[in-house]
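Peer 1: sequence? don't have it. structure:
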Ligand code: LLP
């Protein structure tokens, strides 16, 4: 594919150069149509049984995106009191919020208890704390199914080497603690890791969790977690996550469980990335080009404070080059390393890429930045966070989070 943004008309007829000039670079640009389509798709993964998709908002907490998720029929999961408050502010009723924190304080648990928000406890020690705070209450427990999956060891969230969940061999202790505090275990949940394109490990993990679920009586819900991938190598024609095939293969697994369990609980999933990643790009300006020891660099204003994924996980993001608002065709390619403006050698957006020539004044358009992009931004090197701009279904352009100012950097000093 020569260009994703042209293929899907990402800017809906707007000139990206105008957006870059008007809102300044770097800038996150979102496409409402793509976001809504993904948020809608995840809500339909299971249709035969009671089911909800909980959009995992750690991927992107912009309140305007949360409102879209609400309108597209998703519930949400939250990791912190901040995320809970963000959801309440976006208009989510408490029964559509699932709190899935780990290692939280009594105060944080109390916040959810007071609001009546269903909470999953990530360890026996947190279950004990919940019991002390809310004897006779209802909650869920996160199970560590013993196997994980993901694009990098830092995002594998189950298995022997991670901090998450209660191991299968400790399940009897869940029952002991719940008896001691008269707790009802209403649900169990898991999350094996992030970003898989092959449904197989997830389906295996679903089967495994359902096997474990047989040990719990009267579960109201079972949550399989998130992790559905998106094609980050789309310019090389990487295929989408095979959603239809996945749905077809999931259904008989649920059928078999429902028959054995004697009833269908509410099934849930927790996709984050899949809902939002492809609905955003970052536009950044090329301010310098140079050659060091034979390596060609294009120096942009997209630092690791704006997008940390490549430096943190060696993640791949496709980059398109725009000149005067037009995509530069991918021919006569040369090896270029696209870097940011932060004082770290690891401040790299795209390493040793085959790209058309990049000139000062060009725009670098980094694809698939909607998930774990802005939500992981920082002000490192005292650089204010960028603006977020939304292209509406009708092609309208509006700011959905303003650019931070230099004055904002001084806000918290006493
Ligand atoms: N549920 C739980 C309990 C999680 O820990 C996560 C992600 C999700 C759901 C959503 O996973 P998703 O569908 O987005 O893969 N910052 C990393 C990803 C970290 C994911 C952490 N947990 C990245 O940029 O790749």
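Peer 2: Nice, thanks for sending it over. Keep in mind the model is a prediction, meaning the values are calculated, not measured.
Peer 1: use CA for all of it now, contacts and neighbours both
Peer 2: Fine.
Peer 1: what residue ranges in the stretch 1-150 of the chain are flagged as low confidence?
Peer 2: The stretch 1-150 of the chain contains residues with pLDDT under 70 at 148-150.
Peer 1: ok, residue 326 to the ligand distance?
Peer 2: 29 Å (C-alpha to the nearest ligand atom, to the nearest Å).
Peer 1: and residue 316, that one's in a helix?
Peer 2: No. According to DSSP: H, G, I helix; E, B strand; the rest coil, residue 316 belongs to no helix; its state is coil.
Peer 1: And stretch 61-74, what's buried?
Peer 2: For stretch 61-74, burial by neighbour count (16 or more other C-alpha atoms under 10 Å) applies to 61-63, 65-70, 72-74.
Peer 1: Show me how far the longest strand along the chain is from its chain's centre.
Peer 2: Of all segments of type strand in the chain, defined using DSSP state E, the longest is strand 280-292. Taking C-alpha atoms, centre = their mean, to the nearest Å, the mean C-alpha location of strand 280-292 is offset from the chain mean by 25 Å.
Peer 1: For residue 93, see how far away residue 116 is.
Peer 2: 10 Å (C-alpha to C-alpha, to the nearest Å).
Peer 1: Report the contact partners of the residue nearest to the spatial centre of the chain.
Peer 2: Closest residue to the average C-alpha location of the chain: residue 59 at 2.8 Å, with C-alpha atoms, centre = their mean. By C-alpha atoms under 8 Å, 6 or more residues apart in numbering, the contact set of residue 59 is 272-273, 276, 370-373, 375.
Peer 1: Considering the buried residues of stretch 61-74, which is situated nearest to the ligand?
Peer 2: The shortest gap between the ligand and any of the buried residues of stretch 61-74 belongs to residue 61, at 12.2 Å (C-alpha to the nearest ligand atom).
Peer 1: Leaving out sequence neighbours, find the closest residue to that closest one.
Peer 2: residue 375 (6.7 Å; C-alpha to C-alpha, 6 or more residues apart in numbering).
Peer 1: who in the stretch 1-150 of the chain is up against the ligand?
Peer 2: Counting by C-alpha under 6 Å from any ligand atom, the residues of the stretch 1-150 of the chain close to the ligand are 56, 59.
Peer 1: picking that back up, can you list the strands that the longest strand of the chain pairs with?
Peer 2: Note on strand 280-292: by DSSP bridges, its sheet partners are strand 27-31 (antiparallel), strand 295-300 (antiparallel), strand 363-366 (antiparallel).
Peer 1: tell me the mean pLDDT for it?
Peer 2: Mean pLDDT, computed over strand 280-292, is 98.
Peer 1: do it and the ligand meet at all?
Peer 2: No. Using C-alpha under 6 Å from any ligand atom, we find that strand 280-292 stays clear of the ligand, coming within 13.9 Å at best.
Peer 1: got the buried residues for that strand?
Peer 2: 280-289.
Peer 1: Name the nearest residue to residue 229, sequence neighbours excluded.
Peer 2: Nearest non-adjacent residue to residue 229 (C-alpha to C-alpha, 6+ apart): residue 195, at 4.1 Å.
Peer 1: Correct me if wrong: that neighbour contacts residue 231.
Peer 2: No. Judged on C-alpha atoms under 8 Å, residue 195 makes no contact with residue 231 at a distance of 9.5 Å.
Peer 1: ok, and the closest non-adjacent residue to the closest residue to the ligand within the stretch 1-150 of the chain?
Peer 2: Residue nearest to the ligand within the stretch 1-150 of the chain: residue 56 (5.2 Å; C-alpha to the nearest ligand atom). Counting by C-alpha to C-alpha, 6+ apart, residue 272 is the residue found nearest to residue 56 once chain neighbours are left out, at 4.4 Å.
Peer 1: tally of neighbours for the one you found?
Peer 2: A total of 30 residues lie near residue 272 under the criterion other C-alpha atoms under 10 Å.
Peer 1: What count of nearby residues applies to residue 14?
Peer 2: 15.
Peer 1: rewinding a little: could you dump the strands paired with strand 280-292 to a markdown table with mean neighbour count?
Peer 2: A markdown table is the format used below for those (neighbours: other C-alpha atoms under 10 Å):
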| stretch | mean neighbour count |
| --- | --- |
| strand 27-31 | 27 |
| strand 295-300 | 22 |
| strand 363-366 | 26 |
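Peer 1: JSON lines please, covering the ones you listed and showing distance to residue 316.
Peer 2: Shown next, in JSON lines, are those (distance: least, C-alpha to C-alpha, whole Å):
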{"stretch": "strand 27-31", "distance to residue 316": "17"}
{"stretch": "strand 295-300", "distance to residue 316": "17"}
{"stretch": "strand 363-366", "distance to residue 316": "10"}
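Peer 1: Buried residues, stretch 163-180. List them.
Peer 2: 164-167, 171, 174, 177-178.
Peer 1: residues making contact with it?
Peer 2: 102, 121-124, 127-128, 131, 141-146, 157-158, 183-185, 190, 212.
Peer 1: just the helices in the stretch 151-300 of the chain please.
Peer 2: 171-180, 200-213, 243-261, 273-276 (DSSP state H, counting those that start in this stretch).
Peer 1: most packed of those helices?
Peer 2: Mean neighbours per residue, mean count of other C-alpha atoms under 10 Å, is largest over those for helix 273-276, with a mean of 28.
Peer 1: okay, how far is it across stretch 202-221, tip to tip?
Peer 2: 18 Å.
Peer 1: does the ligand sit close to it?
Peer 2: No. Using C-alpha under 6 Å from any ligand atom, stretch 202-221 never reaches the ligand; the gap is at least 11.4 Å.
Peer 1: roughly how far out does that stretch sit from the chain middle?
Peer 2: With C-alpha atoms, centre = their mean, you get 24 Å for stretch 202-221.
Peer 1: quick one on the thing from earlier: what about the residue nearest to residue 56, distance to residue 199?
Peer 2: 16 Å.
Peer 1: same question, residue 346
Peer 2: 32 Å.
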